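J.: Take this sequence and fold it.
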Amino acid sequence: MSTEPGGTWTVQGTKGGSLPVQVEKRPMGKKVTIISGVNNAEILSKELKVALGTGSTCRPGEVQLQGDHAERVTAFLMAAPVHHLLGISGRGKAATAKKDK
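T.: Prediction:
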């Protein structure tokens, strides 16, 4: 995790208190993992690229990763210091990733 000044990111939980991680199926059968509610998405994107070894892109307030990485992203976020996760109710079953089919 980044500890540089101005180099911190946060993820805002959903209304239900879970992690805002979803997998979407795009044209041609490609899957994309989306983390929404992100502040400083560029920093989180770089850290996820290194940790997961996958391509990513940033949109305002979200990070998109190539492929289905919901479980790996959830594990990465749950291992992050508490001050990076806002509005997440617990670090157990309530904070699980949702998958779209």
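J.: Report the distance from the strand or helix carrying residue 73 to the chain centre.
T.: Residue 73 is part of helix 70-78 when elements are defined by DSSP states H and E. Mean C-alpha position of helix 70-78 versus that of the full chain (Cα atoms, centre = their mean, to the nearest Å) differs by 7 Å.
J.: pLDDT averaged over it - what is it?
T.: What helix 70-78 shows for mean pLDDT is 94.
J.: One more: stretch 49-56?
T.: 94.
J.: Got phi/psi on the nearest residue to residue 62 once chain neighbours are set aside?
T.: Distances taken as Cβ to Cβ, 6 or more residues apart in numbering put residue 36 closest to residue 62, at 4.5 Å, once the chain neighbours are dropped. The C-beta positions use only the backbone N, C-alpha and C, and glycine is treated the same way. The phi/psi pair for residue 36 (degrees, to the nearest 10) reads phi -110, psi 170.
J.: tell me the contacts of the residue sitting nearest the centre point of the chain?
T.: In the chain, the residue lying closest to the centroid (Cα atoms, centre = their mean) is residue 35, at 3.7 Å. Contacts for residue 35 (Cβ atoms under 8 Å, 6 or more residues apart in numbering) come out as 11, 19-21, 44, 48, 62-65, 73, 77.
J.: Check the offset of the top helix by length along the chain from the chain's centre.
T.: Criterion DSSP state H: the longest helix present in the chain is helix 41-52. Its chain's average C-alpha position is 9 Å from that of helix 41-52, according to Cα atoms, centre = their mean.
J.: I'd like to know which elements the next helix or strand after it is packed against.
T.: Per DSSP H and E, helix 41-52 leads on to strand 56-59 as the next helix or strand towards the C-terminus. The helices and strands touching strand 56-59, judged by 3 or more Cβ pairs under 8 Å, 6 or more residues apart in numbering; DSSP states H and E, are helix 41-52, strand 62-66.
J.: okay, the ones you listed, which one's buried deepest?
T.: Mean neighbour count (mean count of other Cβ atoms under 10 Å) peaks for strand 62-66 among those, with a mean of 20.
J.: Next, the angle helix 70-78 makes with that one.
T.: On the basis of axes from the mean of the first three to the mean of the last three Cα atoms, to 10 degrees, strand 62-66 is oriented at 140 degrees to helix 70-78.
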